[in-house]
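S.K.: got a predicted model here, sequence first, then my questions.
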Amino acid sequence: MLRLSFSNLYTTARSGRIGWRAVTAIAMLACSGCFPSGLLITPVSTRRNLVESEVGRDPGWARDKIVVVDVSGLLMNARKPQFLSDGEHPVSLFTEQLDKARKDSAVKAVILRINSPGGTVTASDLMYDEIKNFQRETGKPVIALMMDVAASGGYYVACACDEIVAQPMTITGSIGVIMQMFDVSGTLNLVGVKTDAITSGPNKDAGSPLRTMTAPERELFQAIVNQMYDRFVQVVVAGRPKLDEASVRKLADGRVYLAGQALETGLVDRIATMRETVEATKRRIGADRIRLVTYHRPLDYRPNYYASAPPTTGGDINWIKLQAPSILPNDSPQFLFLWRP
């Protein structure tokens, strides 16, 4: 382990453990405010397997575990690109975490901590199916705990759980489907650009941003959106047995609800904090003492269950980090369970 601070930076460089160029770069970054007053360099494992960290426990000896699994950010069936990294695949990581909980006999329940505006239709449905499969195979309860936002696809995933809990200020709902499309034909005309597509059929380039959509094409896409919406409604009906289909359709006009409104309409079971949810889950599984654990990659440090904050939705550019917007325009139409005002 090599510990660097301003007090020993010069001595470290003279010893030959790091080069003068590295010292200069570190000093410049530190002076610019990008680093704290010290830099800790320590060997780390290069293995990518999930590891378990304890983020809370009751006094005394405890064998039983409750796992906290995060569902945060945009849900997509692809890797989330990051600066200098391939990023994680949300569905793959989620499945890997549930598999680890499935194989551990000491795990008695899962708290699914959701902080997401939703995402693609397929990603949301895959995660929903993984929860259902986990419940069928293990019989272990899965509790959805909503954080800042658990809307659209985030709520879709929550409907697979045995109980849905909201924080007092949670925003949820947004039940519905959106297919965001662009029409830049007017801009192209202004700059004198013409496009011409050779297709095998009249609907092959339907949804193209390079021309205005025709009425038959709109009907075609609307029919698909309606079918996906019907699927969403059925998922809510299955997950909210106190609500019939007519009630769900009345609530599912795309609007969002604050936690209190969601409780009144039956979209959530109760309002509680993280600490209260853990205590209620202990009672559900009949455990007096538990260990609260989470799974993460070896390079992530999580000292407690609030340590993994959701990514911001805007861009962030500084000396060290470049983060693109979480939702980028796509060159092809996408079907989304997404709260995207």
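M.R.: Thanks, I have it. Residues are numbered from 1 along each chain as shown.
S.K.: low-confidence bits of the stretch 1-150 of the chain, can you list those?
M.R.: Scanning the stretch 1-150 of the chain for pLDDT under 70 picks out the ranges 1-47, 80-86.
S.K.: if you set the cut-off to 90 instead, what comes out?
M.R.: Applying pLDDT under 90 to the stretch 1-150 of the chain flags residues 1-52, 60, 76-89.
S.K.: find the centremost residue of the protein, please.
M.R.: Ser72 (2.2 Å; Cα atoms, centre = their mean).
S.K.: how far off centre is the helix ranked longest in the chain?
M.R.: When the chain is parsed with DSSP state H, its longest helix is helix 215-239. Relative to its chain's centre, helix 215-239 lies at 23 Å (Cα atoms, centre = their mean, to the nearest Å).
S.K.: next: stretch 334-341.
M.R.: Distance, stretch centre to chain centre, for stretch 334-341: 14 Å (Cα atoms, centre = their mean).
S.K.: before we move on, what about stretch 185-198?
M.R.: With Cα atoms, centre = their mean, you get 38 Å for stretch 185-198.
S.K.: packing partners for the helix or strand hosting Val68?
M.R.: Val68 is part of strand 65-72 when elements are defined by DSSP states H and E. In terms of contacts (3 or more Cβ pairs under 8 Å, 6 or more residues apart in numbering; DSSP states H and E), strand 65-72 is packed against helix 90-103, strand 107-116, helix 274-285, strand 291-296. For the C-beta atoms, the positions are set from N, CA and C on the backbone; glycine is no exception.
S.K.: just the strands in the stretch 51-200 of the chain please.
M.R.: Listed in chain order, the strands of the stretch 51-200 of the chain (DSSP state E, counting those that start in this stretch) span 51-57, 65-72, 107-116, 118-120, 142-151, 163-166, 171-173, 178-180.
S.K.: tell me which strands the strand holding Val68 pairs with, and in which orientation.
M.R.: Under the criterion DSSP bridges, strand 65-72 sits next to strand 107-116 (parallel), strand 291-296 (parallel) in its sheet.
S.K.: got the CA positions of stretch 102-122 in CSV?
M.R.: Backbone C-alpha positions of stretch 102-122 (Å, rounded to 0.1, in the frame of the first residue of the first chain) are rendered in CSV as follows:
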residue,chain,number,x,y,z
ARG,A,102,-30.9,-17.8,-4.6
LYS,A,103,-27.9,-20.0,-3.8
ASP,A,104,-27.3,-18.7,-0.3
SER,A,105,-29.5,-20.6,2.2
ALA,A,106,-28.9,-17.9,4.8
VAL,A,107,-30.7,-15.3,2.7
LYS,A,108,-34.3,-15.2,3.8
ALA,A,109,-35.6,-12.1,1.9
VAL,A,110,-34.7,-9.5,-0.7
ILE,A,111,-35.4,-5.8,-0.5
LEU,A,112,-35.5,-4.4,-4.0
ARG,A,113,-34.6,-0.8,-3.7
ILE,A,114,-36.0,1.0,-6.8
ASN,A,115,-34.8,4.4,-8.0
SER,A,116,-35.7,4.5,-11.7
PRO,A,117,-37.9,6.4,-14.1
GLY,A,118,-38.2,3.2,-16.1
GLY,A,119,-36.6,2.2,-19.4
THR,A,120,-37.2,-0.1,-22.4
VAL,A,121,-40.2,-2.3,-22.5
THR,A,122,-38.1,-5.5,-22.8
